[in-house]
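Q: the amino acid sequence is not available; the structure is as follows:
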């Protein structure tokens, strides 16, 4: 797993993927996103050589792009892609603790978060905090709806849940 962060700039993904592929890397699952003025990447890579060799390859590609790299060798060498069961959007006035206030009870209700994205829409001194997440459920939808109702009543957090796996009820 290769994690990278650096200033956002045109062509990062193209140059990174081309450099890795030309060096014998097979690219797998990835997550790439712009956060503020920075671009961050997490990328699973299959490579037949050593970790040291892969670090050398990554450094040669990342240095001109001003990307900081962190490489972790994964023990199982497999990718376990899972499709989400639900998509949830949450909206509330920006404040400290909102991510914990939402993710903890959702996890307790059986939600395994696969993807989370958040941002603040600024308006004056305070803004609206948006959280969009996707995950799998272990106990069905009813516990999630119950938690989302509680979050609205107790914390003023508006939500919208969309089931995306027809098998989950």
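A: Looks like it arrived, so ask away. These numbers come from a predicted model, not from an experiment.

Q: secondary structure class of residue 129, three-state.
A: Here residue 129 is recorded as strand under DSSP: H, G, I helix; E, B strand; the rest coil.

Q: so what pLDDT did the residue nearest to it when sequence neighbours are not counted get?
A: Nearest residue to residue 129, sequence neighbours excluded (Cβ to Cβ, 6 or more residues apart in numbering): residue 94, at 4.2 Å. Placement of C-beta: from N, CA and C, glycine included. Listed pLDDT for residue 94 reads 89.

Q: again with residue 118
A: pLDDT, residue 118: 88.

Q: that one: what's it in contact with?
A: 99, 129, 130, 131, 132 (Cβ atoms under 8 Å, 6 or more residues apart in numbering).

Q: same thing but at 10 Å, please
A: 35, 90, 98, 99, 102, 129, 130, 131, 132, 133 (Cβ atoms under 10 Å, 6 or more residues apart in numbering).

Q: same check on residue 91?
A: Residue 91 makes contact with 121, 128, 129, 130, 131, 132, 156, 157, 158, 159, 160, according to Cβ under 10 Å, 6+ apart.

Q: which pair of those residues spans the longest distance?
A: 132 and 156 (18.1 Å; Cβ to Cβ).

Q: give me the more crowded residue out of those two.
A: Counted by other Cβ atoms under 10 Å, residue 132 and residue 156 do not tie: residue 132 has more neighbours, with 15 against 11.

Q: which elements pack onto the helix or strand where the more buried one lies?
A: For residue 132, the enclosing helix or strand under DSSP states H and E is strand 126-137. For strand 126-137, the packing partners by 3 or more Cβ pairs under 10 Å, 6 or more residues apart in numbering; DSSP states H and E come out as strand 86-93, helix 98-108, strand 111-123, helix 142-155, strand 158-163.

Q: between those, which gets nearest to residue 68?
A: Closest approach to residue 68 among the helices and strands packed on strand 126-137 (Cβ to Cβ): strand 111-123, 21.4 Å.

Q: residue contacts, the residue nearest the centre of the chain?
A: Residue closest to the average C-alpha location in the chain (Cα atoms, centre = their mean): residue 115, at 4.5 Å. Applying Cβ under 10 Å, 6+ apart to residue 115 gives the contacts 31, 84, 87, 132, 133, 134, 135.
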